[in-house]
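> Okay, sequence plus prediction incoming.
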Amino acid sequence: MDLRKEFWDSILKIAKADKNVIVLVGDLGFSFKEKFEKELPDQIINCGIAEENMIGVAAGLSLEGKKPYCYSNAIFLIGRAYEFVRDDICYNNTNVKLCGTGASGFLGFTHNWKGSENEEELLKNLPIKRFYPQSKGELKKALIVDGPVFIRI
C-alpha cells in the first residue's frame, strides 16, 4: 500500500493543529506536498538533496521546541545521514520523526534497499522507535508518537 498521500493528508491536519510542527523534505514529495506548501508555507522547508544537513536542522529545531518531520527516500534519510541520525537525533533524544519513502526499491539501483543494506540493520542498535505501517490507521498512530521515530512509508 502506498501511504505517501495519506502521510501528506495526515501531516497537514497535525500541522494545522500545532504550529510547532515543521516538515523538512529532501527535494521530493512532488504531487503530494503542494497542498501543504500552499496552506502552511511557513511550516515546510525543502532542504534539497542534503539529508545530512536536514537531520542537523531537524535536531536543532527540536531542541528549540519545534516538532520536525523529515521526509525523504529511506536509503538517503538513514543510509547517507546515519551518523547524524545516531548523534543528533537518537543520542540527544530529540522529538524528530524520520519518514522514509521508497524502501521497496522501485526507484532503481541507487534508491534500493536490497541486499545487506537496509534501515532495520542500520537502526537496530539505536534508541529510536521504528514503525512499518501497513494501513492508514497504523500510519496515523505512528505520526503522533513522541521521541526519535523512524516510519517507513
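In hand now; what should we look at?

> going forward, measure contacts between C-alpha atoms and count neighbours the same way
OK.

> Send me stretch 7-24 as CSV with only the CA atoms.
C-alpha atoms of stretch 7-24 as CSV (Å, rounded to 0.1, in the frame of the first residue of the first chain):
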residue,chain,number,x,y,z
PHE,A,7,1.1,10.9,5.1
TRP,A,8,0.6,14.4,3.5
ASP,A,9,-3.1,14.4,4.3
SER,A,10,-2.4,13.4,7.9
ILE,A,11,0.6,15.7,8.5
LEU,A,12,-1.4,18.7,7.1
LYS,A,13,-4.1,18.1,9.8
ILE,A,14,-1.4,17.6,12.5
ALA,A,15,0.4,20.8,11.5
LYS,A,16,-2.7,22.9,11.3
ALA,A,17,-3.5,22.0,14.9
ASP,A,18,0.1,22.6,16.1
LYS,A,19,2.2,25.5,14.7
ASN,A,20,5.3,23.8,16.1
VAL,A,21,5.2,21.1,13.5
ILE,A,22,7.7,21.7,10.7
VAL,A,23,8.1,19.4,7.7
LEU,A,24,11.5,19.1,6.1
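
> Next, the buried residues of it.
Across stretch 7-24, burial judged by 16 or more other Cα atoms under 10 Å covers 7-9, 11-12, 14-15, 20-24.

> ditto for stretch 119-135
119, 123, 127-131, 133.

> Show me the contact partners of that stretch.
Applying Cα atoms under 8 Å, 6 or more residues apart in numbering, the contact partners of stretch 119-135 are 1, 3, 74-75, 78-79, 82, 86, 90-91, 113, 139, 142, 147-153.

> Tell me which of the buried residues of stretch 119-135 fall in strands.
Filtering the buried residues of stretch 119-135 for membership in strands, criterion DSSP state E, returns 129-131.
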